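> build the 3D model from these lines:
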Amino acid sequence: MGNATGTGNPALYTGSTTGSGADIAFLAEDLETGRSRILVSRDGAPPVELPLPEGHRPSGLTLRDGVLGWSERWRAGAREMSAATVHSLTTGRVSARYESDGTVGSTVLAGGRLLWVETPASPAARSAIRSGALDGSGVVDVLPADSPYAPAAAALTASDQAVTFQALGGRPAGGWTNAALPKLWQLPITGGTPVRVSCNRGGQYEAGADRGTRVLWLDATTGRTDLVVRDRPAGAC
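Take a look at the predicted model:
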């Protein structure tokens with residue numbers, strides 16, 4: 001962070017950087033205007049800015065096999081809008097943009113689709129985990145918002161076979177008990193009933209999906225931070 005883009009304009013690299021093969025994409029914020037930009041470098045070439053509609057603010061870049069995904073937010077009159085967006089580096093065009101009047105975030109490319117968490121504008125509503133075709137042909141719910149397992153908010157990681165999410169929330173009114181600490185859940189990428197990744201007591205953070213159902217995460221059960229890996233979910237706890 002704190003570097004310049006090299007284009008002659010002062011900018012700050014954000015933490016959203018992603019790579020696949022010889023391709024790299026990153027976000028840069030213009031310190032003079034506050035405008036966020038997406039820049040892409042292919043095969044070591046100088047970064048090129050991707051065009052975005054005026055006022056759109058991108059975040060959550062994910063890049064895989066020449067396809068770039070992200071979430072973006074903008075204002076449409078008095079409404080705050082967001083979208084999960086897919087861009088083909090081969091054609092140089094947006095191939096899908098799934099709009100929502102809620103909040104879209106935690107975008108991940110996996111299983112030949114773009115996954116994201118969609119949180120409705122109502123603070124009492126639950127979030128859905130959604131999956132969109134890369135060509136814009138449609139969306140399905142991996143975990144519907146009306147599921148009893150739907151979180152208030154979540155962070156995603158995914159392999160081509162499984163989706164793992166960490167349920168997020170504010171400080172509980174009753175204090176930090178084991179039940180109130182963040183836990184990891186997993187379900188098939190095609191949908192199903194989530195099961196616990198681990199029955200460990202303590203917080204489970206910063207999950208990263210490997211192949212199949214294998215997941216790595218930071219675990220606070222022992223009172224210190226341990227890097228933990230599990231090949232398959234624990235199931236019921």
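> pick out the residue closest to the middle of the chain.
residue 106 (1.8 Å; C-alpha atoms, centre = their mean).
> wait, that one sits on residue 116?
Yes. With contacts counted by C-beta atoms under 8 Å, residue 106 reaches residue 116, the gap being 6.1 Å. Any C-beta I mention is one placed from the backbone N, CA and C, and that applies to glycine too.
> quick check: neighbours shared by these two?
71, 156 (C-beta atoms under 8 Å, 6 or more residues apart in numbering).
> can you tell me the helix or strand for the residue nearest to the centre of the chain?
Element membership for residue 106 (DSSP states H and E) is strand 103-110.
> and if you look at residue 99?
Residue 99 belongs to strand 93-100, assigned by DSSP H and E.
> which residues does the closest residue to residue 226 other than its chain neighbours contact?
Of all residues not flanking residue 226 in the chain, residue 219 sits nearest, at 5.0 Å (C-beta to C-beta, 6 or more residues apart in numbering). Contact analysis of residue 219 by C-beta under 8 Å, 6+ apart lists 198, 200, 202, 203, 204, 205, 225, 226, 227, 228.
> try residue 140
Residue 140 neighbours (C-beta under 8 Å, 6+ apart): 130, 131, 191.
> just for the chain, where's the confidence low?
The chain contains residues with pLDDT under 70 at 1-15, 169-173.
> what's the neighbour count on the closest residue to residue 112 other than its chain neighbours?
The spatial neighbour of residue 112 that comes closest, neighbours along the chain excluded (C-beta to C-beta, 6+ apart), is residue 134 at 6.8 Å. By the measure other C-beta atoms under 10 Å, the count of residues near residue 134 is 16.
> done for today, thanks.
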